[in-house]
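*Asks:* Build me a model from this:
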Amino acid sequence: MAGGVGAAEHRRRYCYREVLPFSVMVVMECTNVGLNTLFKVATNSGMSRHVFLVYAYGVAALVLLPSPFFSRRSRVLPPLTFSVLWKIVILGVVGYTSQIMGYTGINYGSPTLASAMSNLAPAFTFVLAIIFRMEKVALSSTSSRAKIIGTIVSISGAFVVTFYKGPSVNAPPISLHQSLQYSTSQSNWMIGSLFLSVEYFLVPVWYIIQTHIMKEYPAELTVIFFYTSCVSFLAAIVSFFAEPDSSKWIIKPSIALASVLCSGVFGCCINNAIHAWALHLRGPVYVAMFKPLSIAIAAAMGVIILGDTLYLGSIIGAAIIAIGFYTVLWGKAKEDFGEVDVDDRDLESAAQKYPLLQSYKTQVR
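*Replies:* Residues are numbered from 1 along each chain as shown. Below is the predicted model:
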């Protein structure tokens, strides 16, 4: 009987730590690509990206409004101090800046470009970890060399995506009278790539701040509620000056309204909450593993729904970024497996010292 109970508990833990995170991360990557595609369609119809952020994060804040009360009832939490609230405000500033850069990049480029550039996040994470002394680099170590090489390869792939568009692979060659239009498209592609590079440089910064907040106040939904409220407020201030045309603020029942509601509920609310939960459970490296999956999904959606042209430069650059991405992950995995024999106290100490790239150890007891 005890053996049966133990086996059931083992299966429950395995499902919670392995099956559930894997399933929800795959679903969220598909959802994010769908939301980016929907946003692109809405902005093509005239929706302002500034107003979009105000409404989308406002919807998310309304959905999460009851969460602080339920969190207080369900567990004993430390007091919500000024220090925690101030860090949430900083998180909101970084998050808003990241979002406006990302949506501007999608506006100039495409969801496929955004998915390709998203794989820069682990490389930028590694660079920031070195700068802030959260990661030690030993050139004699295979894992450190792998992470350095992977970072260089990922950034090189980003340069390919940005500066080499190449011929189209799903459309006929352009004629002479189309060359001027192609030149404009190439310029927009480069601008979009630069905006997206800034976004995915800010993503690791967002992870750093969120990691510190979750240590002080481990209530994911409550933190995300204050975060979304802060972003919506900041977006409203910026939009007041960026969009003086009052007609831009009127969202009629259309693809724009669908984009706002879907992004508010599934993107700003559910996506942020799930990422906070997955980061707390498995760590940022595990969460980042699913990024390359979005490239193929975004390419298929872009061609089928938006009628996008798929360019050779995007394919080559995305492949190079993905190679660098998995090289960084391999180096981190090798480093983690090399520490398996360390006792629990050393692991906890390492997790506190290097929280950004520290993967969470699977606990099966």
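
*Asks:* show me where the chain has strands.
*Replies:* Using DSSP state E, no strands are found in the chain.

*Asks:* Identify the residues contacting A258.
*Replies:* Neighbour list for A258: L38, A42 [criterion: CB atoms under 8 Å, 6 or more residues apart in numbering]. C-betas here are computed from N, CA, C, even on glycine.

*Asks:* scratch that, C262 is what I was asking about
*Replies:* Per CB under 8 Å, 6+ apart, neighbours of C262: L35, L38.

*Asks:* C-alpha coordinates for stretch 143-153, CSV please?
*Replies:* C-alpha atoms of stretch 143-153 as CSV (Å, rounded to 0.1, in the frame of the first residue of the first chain):
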residue,chain,number,x,y,z
SER,A,143,31.0,24.6,-20.7
SER,A,144,32.3,28.2,-20.5
ARG,A,145,33.8,27.9,-24.0
ALA,A,146,30.6,26.5,-25.3
LYS,A,147,28.6,29.4,-23.9
ILE,A,148,31.0,32.0,-25.2
ILE,A,149,31.0,30.4,-28.7
GLY,A,150,27.2,30.0,-28.6
THR,A,151,26.8,33.7,-27.7
ILE,A,152,29.1,34.9,-30.5
VAL,A,153,27.3,32.6,-33.0
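
*Asks:* Tell me the buried residues in it?
*Replies:* S143, S144, A146, K147, I148, G150, T151, V153 (16 or more other CB atoms under 10 Å).

*Asks:* count of residues packed around D245?
*Replies:* Applying other CB atoms under 10 Å, we find 9 residues neighbouring D245.

*Asks:* Can you give me the pLDDT of it?
*Replies:* Listed pLDDT for D245 reads 83.

*Asks:* residues touching the residue nearest to C268 when sequence neighbours are not counted, list them.
*Replies:* Once flanking residues are discounted, C268 sits nearest to A60: 3.5 Å by CB to CB, 6 or more residues apart in numbering. Residues near A60 by CB under 8 Å, 6+ apart: I224, T228, S232, G264, V265, G267, C268, C269, N272.

*Asks:* and the residues you listed as a markdown table, adding pLDDT?
*Replies:* Shown next, in a markdown table, are the contacts of A60 (pLDDT from 0 to 100):
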| residue | pLDDT |
| --- | --- |
| I224 | 87 |
| T228 | 92 |
| S232 | 93 |
| G264 | 89 |
| V265 | 90 |
| G267 | 84 |
| C268 | 82 |
| C269 | 82 |
| N272 | 79 |
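
*Asks:* Which ones among the residues you listed lie within helices?
*Replies:* Cross-referencing the contacts of A60 against helices under DSSP state H gives I224, T228, S232, N272.

*Asks:* residue contacts, the third one?
*Replies:* Read that as S232. So S232 contacts L53, V54, Y57, G58, A60, A61 (CB under 8 Å, 6+ apart).

*Asks:* Now the two most distant members of the residues you listed.
*Replies:* Longest distance between any two of the contacts of S232 is 12.1 Å, between L53 and A61; criterion CB to CB.

*Asks:* quick one: L281 and R17 touch, right?
*Replies:* Yes - using CB atoms under 8 Å, L281 and R17 qualify as a contacting pair, with a distance of 6.8 Å.

*Asks:* Tell me the pLDDT of V364.
*Replies:* 37.

*Asks:* for the stretch 101-250 of the chain, which spans come out with low pLDDT?
*Replies:* Within the stretch 101-250 of the chain, the segments meeting pLDDT under 70 span 134-136, 162, 170-187.

*Asks:* From the contact counts, what lies against the longest helix seen in the chain?
*Replies:* Counting residues, the longest helix found in the chain (DSSP H) is helix 179-216. If contacts are counted by 3 or more CB pairs under 8 Å, 6 or more residues apart in numbering; DSSP states H and E, helix 179-216 sits against helix 82-108, helix 111-117, helix 121-131, helix 142-163, helix 220-242, helix 272-282.

*Asks:* so that helix versus helix 220-242, what angle?
*Replies:* Counting by axes from the mean of the first three to the mean of the last three CA atoms, to 10 degrees, helix 179-216 lies at 140 degrees to helix 220-242.

*Asks:* is it true that A123 touches S156?
*Replies:* No - look at A123 against S156 with CB under 8 Å: they stay out of range, at 9.9 Å.

*Asks:* Find the residues that touch each one of these two.
*Replies:* Here A123 and S156 have G324 as joint contacts, going by CB under 8 Å, 6+ apart.

*Asks:* Compare these two (neighbour count), which wins?
*Replies:* The neighbour comparison of A123 against S156 (other CB under 10 Å) goes to A123, with 28 against 15.
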